[in-house]
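Novice: coords please:
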Amino acid sequence: MARATTRTTKQERTESARALKAAKKANAEARKLASTLPQPTRGKLEAVAATERTQLERAKKERGESPRAATRRARRSAVRLERASARLGPRNERRSTSADPKRRAGSIKRQRVQATQSQSMPVKAAVRTIITAVMTPTDREQNKKVAKRRVRRMKLQHAR
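Specialist: Got it, this is the predicted structure:
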């Protein structure tokens, strides 16, 4: 016998599908963020992501029977992931006040991008310093160039 597809249950199922998709995205971003963090915090964030992944699997199984509960479970999972990433991430940022699960994944992504940028900054600064040291002429070389220019100018003025 076919399932009754009333308008409300269909809407609830599509809403739960959206919430699950956004929560999966938040989970993926949290795992990426964890891979950029140093070891002690990495393990903590990976553990939170693993528990929330099991919650998402339960929500996925539950979606056919009770889509509202699946939606609630997926949204809670996204909130927990965002809180954990804000607590353990590179900056102490308050979580977003939006109820939109997509924005939660976006805030985790922003934290991950900032973490990778802050880790690459010292390397870039060191490279710039080395290049500047190699490319900048010494005082003797600079004085030599200045003297050559003066001699050329003087020759041009006398030639006129």
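
Novice: State the distance from the nearest residue to Gln55 once chain neighbours are set aside to Gln117.
Specialist: Spatial nearest neighbour of Gln55, chain neighbours left out: Ser77 (4.7 Å); criterion: CB to CB, 6 or more residues apart in numbering. For glycine as for every other residue, the C-beta is placed from the backbone atoms N, C-alpha and C. Separation of Ser77 from Gln117 (CB to CB, to the nearest Å): 27 Å.

Novice: Between those two, which has more neighbouring residues?
Specialist: Neighbour comparison, Ser77 and Gln117: the larger count goes to Ser77, with 29 against 12 (by other CB atoms under 10 Å).

Novice: pLDDT at the more buried one, what is it?
Specialist: Reading off the confidence values, Ser77 has pLDDT 92.

Novice: wait, what's in contact with it?
Specialist: Taking CB atoms under 8 Å, 6 or more residues apart in numbering, we find Ser77 in contact with Ala23, Ala26, Asn27, Glu52, Gln55, Leu56, Ala59.

Novice: where does it land in three-state SS?
Specialist: When classified by DSSP: H, G, I helix; E, B strand; the rest coil, Ser77 comes out as helix.

Novice: which of the contacts of Ser77 are buried?
Specialist: Buried members of these, counted by 16 or more other CB atoms under 10 Å: Ala23, Ala26, Asn27, Glu52, Gln55, Leu56, Ala59.
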